[in-house]
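Engineer: pasting the structure only:
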């Protein structure tokens, strides 16, 4: 299991305050633009995102590394294979 | 497993994990059937319009005070939904004040106003004009469904354009995770006190409202646990191809339709209940406008209310403008232009009058089945997916 607190993401996407469908749309767009092997970190506040990100990663073939709950937002880590 | 561990597991399943759209959809349909048997069909816009009318009365646009929100059926239904969803959000520690970026606020205002207009034309939103309309065997429900499909497509096109041309960030959340379970318990006590107060009041409709408050709180709770979203059910097939929510909504709609069919066949409710004079222009055009707007808003009538209860400020703005817009538009349509008397937007069409109860059941089942099969097929083939 990856130690998330020590990950240095290649790109950070701020989705705080956004409600569906905006977070998932922005995440997918950012992942499309990302180079292979790089890691995207997403900051989000929508509870729905917690279910949607792992499902999307499985469907689209991205690697979902996990999430960390911070005060006031959640940090998601996704790796483009 | 010890008793304590089993109880913890039950708490997690009921209050923390999300329900699947199928489970949530079934529960929702059963609650909607119970509500219609107990008192009246579930609806959202009537309550919002009542609140909008109070704002208009407050600024002097309306001369007469509207019915009191605590004693007006539609308003009580909405209060119950918000309370139930709030309890769900707090107990799952999902409540938080989520402030959106500026662009989202502008979208909320525009979308809210348009949702007020669309739901005025259709005399209902996704619940009153579509879900409960079909359940109540009104042809208008089908016309609105078609309108929603067109409108949602337009809304999705807009969103895809928007993310290519605008970036928006700068939102934030004011978190209250630590105290939210306590807030949830307080809200639950307030709900129980409210129900008790209604049942013990001297007013005739006290018991009816008390039961309605309880049932809609159940609806709000289940909707929030499921994150049940009719916008999702129409939008995702175009956006990503995902049909999970659509399947759940279709199943839910089928059960609700069957239940209300039995209610009406048994004469428990008058046949023309929830059959509005909007077939087909009002339902169709209203559906197109409402469908496009709800995609931009990020919530339909019911979905906006449970997101309000979750603390999503964008939807507070949507609901405010939705309520005022619908109140103003309906004021002009009802009293000044007399649209309904003149039949400009359609007529009441009760499907069993045309096809009988058995025929109606077959036709509506077929339409819902077609929708189910379509989204399922589209999920695999992605033929209508314009997003990514």
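Structural biologist: Yes, it's here. As the structure is a computational prediction, the values presented were derived from the model and not from experiment. Residues are numbered from 1 along each chain as shown, chains lettered A, B, ... in the order given.

Engineer: which regions of chain A sit below the pLDDT cut-off?
Structural biologist: Flagging of chain A using pLDDT under 70 yields the residue ranges A:1-2.

Engineer: 90 instead?
Structural biologist: Residues of chain A meeting the criterion pLDDT under 90: A:1-8, A:19-20, A:81.

Engineer: quick one: the helix or strand harbouring residue B:28 near chain A?
Structural biologist: Element membership for residue B:28 (DSSP states H and E) is helix B:21-38. No: under the criterion of C-beta under 8 Å from any C-beta of the partner chain, helix B:21-38 makes no contact with chain A; the nearest approach is 11.3 Å. No exception for glycine: its C-beta is placed from N, CA and C like everyone else's.

Engineer: ranges for the helices of the stretch 151-300 of chain B?
Structural biologist: Residue ranges of the helices in the stretch 151-300 of chain B, as given by DSSP state H, counting those that start in this stretch, are B:180-199, B:206-226, B:230-239, B:244-265, B:281-297.

Engineer: Other residues contacting the third one?
Structural biologist: Under the contact criterion C-beta atoms under 8 Å, 6 or more residues apart in numbering or on different chains, helix B:230-239 has outside partners A:20-21, A:25, B:126-127, B:130-131, B:148-149, B:152-153, B:155-156, B:159, B:242-246, B:248-250, B:291, B:294-295, B:297-300, B:302-303, B:374-375, B:378-379, B:384-387.

Engineer: can you pull the contacts of the closest residue to chain A within the stretch 51-200 of chain B?
Structural biologist: Closest residue of the stretch 51-200 of chain B to chain A, C-beta to the nearest C-beta: residue B:171 (1.5 Å). Going by C-beta under 8 Å, 6+ apart, residue B:171 touches A:14-18, A:45, B:98-101, B:104.

Engineer: Which strands or helices does the helix or strand where residue B:331 lies pack on?
Structural biologist: For residue B:331, the host element (DSSP H and E) is helix B:313-331. Applying 3 or more C-beta pairs under 8 Å, 6 or more residues apart in numbering or on different chains; DSSP states H and E, we find helix B:313-331 packed against helix B:45-58, strand B:96-99, helix B:102-121, helix B:281-297, helix B:301-310.

Engineer: give me that answer again for 7 Å
Structural biologist: If you count contacts as 3 or more C-beta pairs under 7 Å, 6 or more residues apart in numbering or on different chains; DSSP states H and E, helix B:313-331 packs onto helix B:45-58, strand B:96-99, helix B:102-121, helix B:301-310.

Engineer: Buried residues in the helix holding residue B:28, which are they?
Structural biologist: B:21-22, B:24-37 (16 or more other C-beta atoms under 10 Å in any protein chain shown).

Engineer: try stretch B:333-345
Structural biologist: Applying a neighbour-count criterion of 16+ other C-beta under 10 Å, one finds B:333, B:339-340, B:345 buried in stretch B:333-345.

Engineer: Chain neighbours aside, what residue packs nearest to the closest residue to chain B within chain A?
Structural biologist: Closest to chain B within chain A is residue A:17: 1.5 Å, counting by C-beta to the nearest C-beta. In this structure, residue A:17 finds its nearest non-sequential neighbour in residue B:171, 1.5 Å apart by C-beta to C-beta, 6 or more residues apart in numbering or on different chains.

Engineer: do the longest helix along chain A and chain B meet at all?
Structural biologist: Ranked by residue count, the top helix of chain A under DSSP state H comes out as helix A:47-60. Yes: judged by C-beta under 7 Å from any C-beta of the partner chain, helix A:47-60 and chain B are in contact via A:47-48, A:51.

Engineer: could you check the angle helix B:244-265 makes with that helix?
Structural biologist: Interaxial angle, helix A:47-60 versus helix B:244-265 (axes from the mean of the first three to the mean of the last three C-alpha atoms, to 10 degrees): 120 degrees.

Engineer: how big is the angle separating helix A:47-60 from helix B:301-310?
Structural biologist: Put simply, helix A:47-60 runs at 120 degrees to helix B:301-310, going by the same axes, to 10 degrees.

Engineer: chain center to the helix or strand following helix A:47-60, what's the gap?
Structural biologist: Counting by DSSP H and E, the element after helix A:47-60 in chain order, helix or strand, is strand A:63-70. Here strand A:63-70 shows a centroid-to-chain-centroid distance of 7 Å under the convention C-alpha atoms, centre = their mean, to the nearest Å.

Engineer: What residues of the top helix by length along chain B count as buried?
Structural biologist: Across chain B, the longest stretch assigned as helix under DSSP H is helix B:351-381. For helix B:351-381, the neighbour count (16+ other C-beta under 10 Å) marks B:351-352, B:360-361, B:363-364, B:367-368, B:371-372, B:374-375, B:378-379 as buried.

Engineer: can you narrow the residues you listed to ones near chain A?
Structural biologist: Okay, of the buried residues of helix B:351-381, nothing touches chain A (C-beta under 7 Å from any C-beta).

Engineer: Of all pairs in those residues, which one is the farthest apart?
Structural biologist: B:352 and B:379 (33.2 Å; C-beta to C-beta).

Engineer: got the residues of chain A near chain B?
Structural biologist: Applying C-beta under 7 Å from any C-beta, one finds that chain A approaches chain B through A:14, A:16-21, A:25-26, A:28-29, A:32, A:45, A:47-48, A:51, A:71-73.

Engineer: Buried only: go through those for me.
Structural biologist: Buried subset of the residues of chain A next to chain B (neighbour count, 16+ other C-beta under 10 Å): A:14, A:16-21, A:25-26, A:28-29, A:45, A:47-48, A:72-73.

Engineer: Which of the helices or strands spans residue B:134?
Structural biologist: helix B:132-135.

Engineer: need the contact list for residue B:351.
Structural biologist: Contact partners of residue B:351, counting by C-beta atoms under 7 Å, 6 or more residues apart in numbering or on different chains, are B:137, B:139, B:360, B:363.

Engineer: hang on, isn't the first one packed against residue B:352?
Structural biologist: Yes: under the contact definition of C-beta atoms under 7 Å, residue B:137 touches residue B:352, with a separation of 5.8 Å.

Engineer: For residue B:347, give me phi and psi.
Structural biologist: Phi and psi for residue B:347, reported as degrees, to the nearest 10, are phi -130, psi 170.

Engineer: partners of it in the sheet?
Structural biologist: Taking DSSP bridges as the rule, residue B:347 bridges to residue B:279.

Engineer: That one and residue B:280 touch, don't they?
Structural biologist: No: Residue B:347 is not in contact with residue B:280 according to C-beta under 7 Å; the separation is 8.8 Å.

Engineer: Who has more neighbours out of the two?
Structural biologist: Set residue B:347 next to residue B:280 and count neighbours by other C-beta atoms under 10 Å in any protein chain shown: residue B:280 wins out with 19 against 16.

Engineer: In contact with the more buried one, which residues?
Structural biologist: B:143, B:346.

Engineer: mind running it again at 10 Å?
Structural biologist: Going by C-beta atoms under 10 Å, 6 or more residues apart in numbering or on different chains, residue B:280 touches B:139-140, B:142-144, B:146-147, B:287, B:345-347, B:349.
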